[in-house]
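Student: Sharing a model that was predicted from the sequence below.
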Amino acid sequence: MWPLGLQTGRIGRGVAPQPVTARGVAGVPIANVEVWQVEGQASEHPALAVLGDRDRATVELFDIDEGRAVWRTTCDGSVIGPVGGSVLCRGDAAISALALADGKPAWKHAGRFARREGGHVALFDGDGITVLDATSGAELGHEALPAGDTFAGSCDGEVYATTPRHDLVRLGAVKWTTSLVAERLECSGDAVIVEAGGSLVAVTRFLGKQLGRIDNVRDVWPAVEKAESVFQTTLQNGNPVIHPAVTLLNAALLERTGGDFLFYEEGVTESVGRLIEAVDRERVAIARALGVTILSEPALGVRHGYMLEENYSTGYSTAPGFLGIAAQSQLDHRYLTEDVGYSLTFLSDLATRLSVPTPVMDAVITIASVVLARDFRAEAVRTVTTLGLDGLSPQQLAAL
């Protein structure tokens, strides 16, 4: 499997990556690869892909036609992906860019990654949002983000936010508010196209006037994609990644208040996010061992439009799609009984058969069993055996 994601432009012969020691760049071959196809305007190479190693922060530009690496370097942090003429990297407190043409450092800016769109990148910078040109790093705009507002998107340096009342507002000198629960927005000439509640609404960028709308868009958008296999849909399920982690790390608050808090907005913090991420990494490792392609949980949320940030903490606590969701009233709830009892126990069993270590998943299963005074492993309601899959090879499982 070598997924290229959305295919645009000339793809060439689609030669799969070869071992880099024999194909132009010395060093250990990239493992745990994430691939982004890019157009070849940055050099003489007409069909290119950026390959990023999620574990080692290694990034390379790959010539698809020739099946060789053009350049390889190390990202300052984790690889976000190509935007404009750069490959963006996310560090602890800054975003940096590598020039797509030669892999050399292009620019660096303090702040936390918020979103990439078009040829721009938006950062959480101090008390507001800064929008940069992804190629040059030039600042296109900066606006303070009022307390309680959630960043919704940007257009050519303009910054848009969602208010606590779920209105869309343009920030800055030209400020307006319109009654829309924006799930996603994109620039289109003098308007922004806002996806809101199953409709597309055109709003003027200068006045905020709603020009027109198309309803029931979700009924005709090609939102459904053909999956590679049953296991791709199974492993892409994010519920067992999120729900048990947030529930267990908020167990005392949940029991003391009867669930009187917002599950995502108040229940997900940096430390909770680290547990979610650890479980997610193990889920992705299981998929990789099967040769099945899945997205990280935050990446899927951003792709679907209910999350705005591709991270494991504020990505959830500020996600428009999770606003106002209350916590469950007790621990004995499907967030543990189903997402641990059926999902995590199955994933752990599958991982054991694939020789994939899952110490964090195993710990979550154990702690959930203790707090609910039951043994989810012994119950074994969903395992490889109970599904009748004993004896199948990884290749046979992936083909289901």
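Tutor: Sure thing, it's come through.

Student: CA atoms only for the biggest helix by length in the chain - export them in PDB, please.
Tutor: Longest helix in the chain, counting residues (DSSP state H): helix 270-290. Listed in PDB are the C-alpha atoms of helix 270-290, where the atom choice follows Å, rounded to 0.1, in the frame of the first residue of the first chain:
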ATOM      1  CA  GLU A 270      -2.700  18.700  27.800                       C
ATOM      2  CA  SER A 271      -2.100  15.600  30.000                       C
ATOM      3  CA  VAL A 272      -5.400  14.000  28.900                       C
ATOM      4  CA  GLY A 273      -4.400  14.700  25.300                       C
ATOM      5  CA  ARG A 274      -1.100  12.800  25.800                       C
ATOM      6  CA  LEU A 275      -3.000   9.700  26.900                       C
ATOM      7  CA  ILE A 276      -5.300  10.000  23.900                       C
ATOM      8  CA  GLU A 277      -2.300  10.400  21.600                       C
ATOM      9  CA  ALA A 278      -0.500   7.400  23.100                       C
ATOM     10  CA  VAL A 279      -3.500   5.100  22.500                       C
ATOM     11  CA  ASP A 280      -3.900   6.500  19.000                       C
ATOM     12  CA  ARG A 281      -0.300   5.700  18.100                       C
ATOM     13  CA  GLU A 282      -0.800   2.100  19.100                       C
ATOM     14  CA  ARG A 283      -4.000   1.900  17.000                       C
ATOM     15  CA  VAL A 284      -2.100   3.300  14.000                       C
ATOM     16  CA  ALA A 285       0.700   0.800  14.600                       C
ATOM     17  CA  ILE A 286      -1.800  -2.100  14.500                       C
ATOM     18  CA  ALA A 287      -3.100  -0.800  11.200                       C
ATOM     19  CA  ARG A 288       0.400  -0.500   9.800                       C
ATOM     20  CA  ALA A 289       1.200  -4.100  10.800                       C
ATOM     21  CA  LEU A 290      -1.900  -5.200   8.800                       C
END
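
Student: Determine the set of other helices and strands touching it.
Tutor: For helix 270-290, the elements it packs on are helix 230-236, helix 239-249, helix 314-317, helix 345-353, helix 359-371, helix 394-398, judged by 3 or more Cβ pairs under 8 Å, 6 or more residues apart in numbering; DSSP states H and E. Every residue, glycine included, has its C-beta placed from N, CA and C.

Student: right, and those helices - which one's nearest residue 298?
Tutor: Proximity to residue 298 (Cβ to Cβ) singles out helix 314-317 among those, at 4.7 Å.

Student: Enumerate the positions of the helix or strand following that closest one that are buried.
Tutor: Sequence order places helix 334-337 as the next helix or strand after helix 314-317, per DSSP states H and E. Buried residues in helix 334-337, counting neighbours by 16 or more other Cβ atoms under 10 Å, are found at 335, 336, 337.

Student: Domain parsing of the protein, as residue ranges.
Tutor: What automatic domain parsing lists as the domains of the chain is 145-224, 230-398.

Student: Highest mean neighbour count out of those domains?
Tutor: domain 230-398 (a mean of 18; mean count of other Cβ atoms under 10 Å).

Student: Please tell me how far residue 74 sits from residue 178.
Tutor: 45 Å (Cβ to Cβ, to the nearest Å).

Student: Residue 263 too?
Tutor: For residue 263, the distance to residue 178 - Cβ to Cβ - is 29 Å.

Student: ok, for residue 289, nearest residue in space, not its chain neighbours?
Tutor: residue 354 (4.3 Å; Cβ to Cβ, 6 or more residues apart in numbering).

Student: Over to that neighbour: give its phi and psi.
Tutor: Phi and psi for residue 354, reported as degrees, to the nearest 10, are phi -100, psi 0.
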